[in-house]
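**Q** Just a sequence and a predicted model for now, questions to come.
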Amino acid sequence: QVQLVESGGGLVQPGGSLRLSCAASGSIFSINAMAWYRQAPGEQRELIAGITSGNGNSTNYADSVKGRFTISRDNAKNTVYLQMNSLKPEDTAVYYCNADIVVTTRNYGVVYWGKGTLVTVSS
């Protein structure tokens, strides 16, 4: 039905940058809010950035990434991005995207998750 596939993770040195992408595919009618979460080893999954749909695309960020990370979306490509700058070792985690998606056979949204992409910040 619907798949979310993240890409762009990898190994980066402290202070470096990465850009994550998450593309949704399948029988999509529309996509509402989209978000990025992360889960570090031994920790719970946490919300780090979210973006609404429609004009304006309101965004919100966790305090731990505010000013360093930027979430954006391309509705024509059903894709959400996470630009990560000034990366720190504590940003090391598996990063997941999710999206509230209305498929063509329903008239309400369902939240889907990607399988995650690993980001490692280390020298």
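**A** Yes, it's here.

**Q** how far away is residue 41 from residue 95?
**A** Using CB to CB, to the nearest Å, one gets 13 Å for the distance from residue 41 to residue 95. Quick note: C-beta positions are derived from backbone N, CA and C, even for glycine.

**Q** and these two? which has more neighbours close in?
**A** Taking neighbours as other CB atoms under 10 Å, residue 41 and residue 95 compare with residue 95 leading, 23 against 7.

**Q** Bridged to the more buried one, which residues?
**A** For residue 95, the beta-bridge partners under DSSP bridges are residue 38, residue 117.

**Q** Next, the contact list for it, please.
**A** Contacts for residue 95 were tallied using CB atoms under 8 Å, 6 or more residues apart in numbering; they are 6, 9, 20, 36-38, 82, 116-119.

**Q** So the most centrally placed residue in the chain, which state does it fall into?
**A** In the chain, the C-alpha nearest the mean C-alpha coordinate belongs to residue 36, at 3.0 Å (CA atoms, centre = their mean). At residue 36 the chain is in strand, as set by DSSP: H, G, I helix; E, B strand; the rest coil.

**Q** Please report how far it lies from residue 107.
**A** Using CB to CB, one obtains 27 Å as the distance from residue 36 to residue 107.

**Q** again, but for residue 73
**A** With distances taken as CB to CB, residue 73 is found 22 Å from residue 107.
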